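[1] Sequence and computational prediction follow.
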Amino acid sequence: MEFPDSETIGGVLDSIRFPRFLDVRYDPETPQLDDVGARARTEADRLLDSYDGDLSKGGTIAIGLGSRGIADVLPVARATIEAVRARDLEPMAVPAMGSHGGATPEGQVETLAGLGLTEERLECRIDPRMETIELRSGDESVHFARAAEEADAVLAINRIKPHTNFEGRFESGLTKMLAVGFGKQAGARAIHERALTEGYVPVIEDAIGTIQREIPVIGGLAIVENSQDEIATIEALAGRDLPDGEQVLLDRAREYMPTLPFDSPDALIVERIGKDVSGTGMDTNVIGRYRVLNAEDPASPEIDRICVLGLTEATHGNGMGIGLADATTTRVANAIDFGQVYANALTSSSLAKASLPVALPTDEQAVTAVLTSAGTYDPEKSEVAWIRDTSHLSSFRISEALADRLPAEAEIVGRSELVFENGNANFEPLE
């Protein structure tokens, strides 16, 4: 695709004076787990000991691992694998991530590797087959990974957090991983299609009920992170306690989750998005945009304009969620692997999230576009937040106009001037 060059854009986009920025440290008090590996091993042992199904020696346990960048997920996975082996059982990792990784075995292995989850580091084989079996639920089929169905039992490792498309007593977590992630591309697509008309909660609830009847589900390790992207707690949840057992942990996750400490800035600049940050590239609960059929956007925050300046390395070109932005750069647009993006968008029916926003040649022009299209522009009054990504909100920058809206827990630790070198954004500290 051919985009207009800087000279062409310069003819229609005026140069502006940018706001001065304040460097903010925002560190609301939330708990942090001291020894992640030890807690994971304790909870994995508790989970396996509580299972009342048949775990004969030599049996295989399929361990579901997802595509999210969960803090310290490797020691959690390793501790679970060790707990399985201690019972003379054979662990096997299964990518439980729906269509992520371009809906291919190689792509799903690459996605796990980007999170540090390789066969060598896990000391466990990975079975990434995309084939599924179909379980019957009335007139509907529930897909489940053949690799996991062939095992003697299944457990999942996942983070509990508010979902980016829907609200309910369970959202993103073990239940969704079992019902959607283990369904691979075929299952994820079927769930999303039904959910557009029936709603996510009842469709996933129906699917997990079918899976519990047909598949020996041990349960899983539920991870809750704090506002600093660290593990706050790990809890074992037995399969028979899903989905209701997630409610308390979901409430805790919502309390701890990182958010911006103001509701309606004029513009948000996001340095990077990626599947390791959120399934939608940037967390919709942070930016206040779902853009999903039959689902209203969150009541807050309400951000007029959003600009995206990059992709994370771990996302491997998957720019799903770029459609949530109003502007980006041609560098980002050219780095996107639309094969992966379209696999996600068509599977989830989230076409808007795959749409390409206005793509401009440089960071400077992209930032200028969002600032000047949010209303009458005044650098002294423009309310702008500048973040690394939606998972890292313990430090960020704001324009001076937002200073009086900071909460007491936020601390201004410096002042910066936004400068551009060859059109690329950078900040220089001010005295």
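    Cool, the structure landed.
[2] Need the three-state assignment for the residue nearest the centre of the chain.
    The structure's the chain has its C-alpha centroid closest to S278; by CA atoms, centre = their mean the separation is 1.7 Å. Three-state call for S278 (DSSP: H, G, I helix; E, B strand; the rest coil): coil.
[3] right, and it touches G321 too?
    Yes: S278 is within contact range of G321, at 7.0 Å (criterion: CB atoms under 8 Å). Any C-beta I mention is one placed from the backbone N, CA and C, and that applies to glycine too.
[4] returning to that earlier point: and the residue nearest to the centre of the chain, what does it touch?
    By CB atoms under 8 Å, 6 or more residues apart in numbering, the contact set of S278 is 68, 164, 284, 321, 390-391.
[5] Neighbour-wise, which one of these leads?
    G321 (33 neighbours; other CB atoms under 10 Å).
[6] So the closest residue to that one other than its chain neighbours, which state does it fall into?
    Nearest-residue entry for G321: G281, 2.4 Å, with adjacent residues in sequence omitted and distances by CB to CB, 6 or more residues apart in numbering. For G281, the assignment made with three-state DSSP gives coil.
[7] Report the contact partners of G281.
    Applying CB under 8 Å, 6+ apart, the residues contacting G281 are 273-275, 308, 315, 319-322, 324, 353.
[8] With A401 instead?
    19, 380-384.
[9] any idea how far it is from E380?
    Distance of A401 to E380, given as CB to CB, to the nearest Å: 7 Å.
[10] which SSE is E167 in?
    Assessed by DSSP states H and E, E167 sits outside every helix and strand.
[11] pLDDT at it, what is it?
    Note on E167: pLDDT of 81.
[12] what residues go with each domain of this protein?
    Following automatic domain parsing, one finds the domains of the chain at 6-27+258-429, 36-256.
[13] Now do the end-to-end distance for the longest one.
    Across domain 36-256, the terminal residues are separated by 18 Å (CA to CA, to the nearest Å).
[14] oh, and call the first residue 4 from now on, that's how I've got it
    That works, and once the first residue is 4, the last one we named lands at domain 39-259.
[15] Return the distance of that domain from the chain's centre.
    15 Å (CA atoms, centre = their mean, to the nearest Å).
[16] so G61 sits right up against R90, yeah?
    No: G61 is not in contact with R90 according to CB under 8 Å; the separation is 10.3 Å.
[17] any shared contact partners between these two?
    Common contact partners of G61 and R90 (CB under 8 Å, 6+ apart): none.
[18] For these two, indicate the residue with more neighbours.
    R90 (13 against 8).
[19] packing partners for whichever strand or helix holds G212?
    Using DSSP H and E, the element containing G212 is helix 203-217. The contact analysis (3 or more CB pairs under 8 Å, 6 or more residues apart in numbering; DSSP states H and E) places helix 203-217 against strand 135-140, strand 143-148, helix 177-182, helix 187-201.
[20] May I see the buried residues of the strand or helix carrying I64?
    Using DSSP H and E, I64 sits within strand 63-68. For strand 63-68, the neighbour count (16 or more other CB atoms under 10 Å) marks 63-68 as buried.
[21] List the contacts of the helix or strand just after it.
    Going down the chain from strand 63-68, the next helix or strand is helix 76-88, by DSSP H and E. Helix 76-88 has contacts (CB under 8 Å, 6+ apart) with 39-41, 43-44, 47-48, 51, 64, 66, 68, 73, 93-94, 96, 118-120, 124-127, 158, 160, 224, 226, 234, 237.
[22] Then A225 would be within a strand, right?
    Yes: using three-state DSSP, the assignment for A225 is a strand.
[23] related to what we said a few turns ago, whichever of the contacts of helix 76-88 end up buried, select them in PyMOL.
    The buried subset of these, as determined by 16+ other CB under 10 Å, is captured in PyMOL by this line:
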select buried, resi 39+43+44+47+48+51+64+66+68+73+93+94+96+118+120+125+127+158+160+224+226+234+237
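[24] From the contacts of helix 76-88, which land in helices?
    39-41, 43-44, 47-48, 51, 124-125 (DSSP state H).
[25] from those, which is closest to L177?
    A47 (13.5 Å; CB to CB).
[26] mind checking how far the closest one is from A406?
    Taken as CB to CB, the span from A47 to A406 is 46 Å.
[27] Please apply the same query to T213.
    From T213 across to A406, the span is 53 Å (CB to CB).
[28] what do A404 and E383 both touch?
    P22.
[29] Mean neighbour count, the helices and strands packed on helix 203-217: which tops it?
    Of all the helices and strands packed on helix 203-217, helix 177-182 has the most neighbours on average by mean count of other CB atoms under 10 Å, namely a mean of 28.
[30] more crowded one of T213 and A406?
    T213 (18 against 13).
[31] rewinding a little: in the contacts of G284, which residue is surrounded by the most others?
    Counting neighbours by other CB under 10 Å, G324 leads those with 33 neighbours.
[32] Might one say that that residue is in contact with I290?
    No: using CB under 8 Å, G324 makes no contact with I290, being 9.4 Å away.
[33] circling back: switch the buried residues of strand 63-68 over to CSV; also include distance to H146 and pLDDT.
    Shown next, in CSV, are the buried residues of strand 63-68 (distance: CB to CB, whole Å; pLDDT from 0 to 100):
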residue, distance to H146, pLDDT
T63, 20, 98
I64, 21, 98
A65, 15, 98
I66, 19, 98
G67, 14, 98
L68, 18, 98
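[34] nearest to V416, of these?
    When the buried residues of strand 63-68 are ranked by distance to V416 (CB to CB), L68 comes first, at 36.8 Å.
[35] give the contact list for that closest one.
    So L68 contacts 76, 80, 96-100, 115, 120, 160 (CB under 8 Å, 6+ apart).
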